[in-house]
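Trainee: for reference, the sequence and a predicted model appear below.
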Amino acid sequence: MSLIPSFFGGRRTNVFDPFSLDLYDPFEGFLTPSGMTNATSKDVAAFTNAKVDWRETPEAHVFKADLPGLKKEEVKVEVEDGNILQISGERSSENEEKSDKWHRVERSSGKFMRRFKLPENAKVDEVKASMENGVLSVTVPKMAERKPEVKSIDISG
């Protein structure tokens, strides 16, 4: 018998069991701005869960994404519309056995996608990507800066 009222969603089966005291979500069941119910918003969290660093060197734009547990076959790197770098993939969830009792599920699963607008000096035809130890590295070379050509004009007179 639960000691917590049912308006907490019935998740708390025993107030004395530390593993059953998940936080109450006041927005459960409401629609999110994208029109999805909160049950699928956990999958949406995976979209933004891929942490990406973007740094610019004199030669290139370098992106590093933390994708722990993923293989390179599960990740796609694409350039769309000539200047949008898109990193996407899917982390599949573990198979649930009916006999298993889960105490905590914190690792996200589902699809993720990150998009970046590349600057005009990006050589999108020469993008290179590699993956090592769960870190995706994407290198987008830059075009050499064109220095303005200055032509000296002789003054007559």
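Mentor: Received the coordinates, thanks.
Trainee: residue ranges in this protein under the pLDDT threshold?
Mentor: Along the chain, the parts satisfying pLDDT under 70 run over 1-49.
Trainee: those strands in it, which residues are they?
Mentor: Counting by DSSP state E, the chain has strands at residues 51-56, 60-66, 75-80, 84-91, 110-117, 128-132, 135-141.
Trainee: any chance of CSV for these, columns distance to P148 and mean neighbour count?
Mentor: Where you see a C-beta, it was placed from the backbone N, CA and C, and this is true even at glycine. Listed next are the strands of the chain as CSV, based on distance: least, Cβ to Cβ, whole Å; neighbours: other Cβ atoms under 10 Å:
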stretch, distance to P148, mean neighbour count
strand 51-56, 22, 12
strand 60-66, 23, 18
strand 75-80, 29, 14
strand 84-91, 29, 18
strand 110-117, 26, 15
strand 128-132, 30, 13
strand 135-141, 22, 18
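Trainee: adding distance to I155, write those strands out as a markdown table.
Mentor: Listed next are the strands of the chain as a markdown table, based on distance: least, Cβ to Cβ, whole Å:
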| stretch | distance to I155 |
| --- | --- |
| strand 51-56 | 42 |
| strand 60-66 | 43 |
| strand 75-80 | 49 |
| strand 84-91 | 49 |
| strand 110-117 | 46 |
| strand 128-132 | 50 |
| strand 135-141 | 42 |
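Trainee: who does the residue lying closest to F116 once chain neighbours are set aside form a beta bridge with?
Mentor: With Cβ to Cβ, 6 or more residues apart in numbering as the criterion, F116 has its nearest non-adjacent residue at 4.6 Å, and that residue is L85. Per DSSP bridges, the residues bridged to L85 are V79, F116.
Trainee: surely L85 touches M113?
Mentor: No. Under the criterion of Cβ atoms under 8 Å, L85 makes no contact with M113, lying 11.3 Å away.
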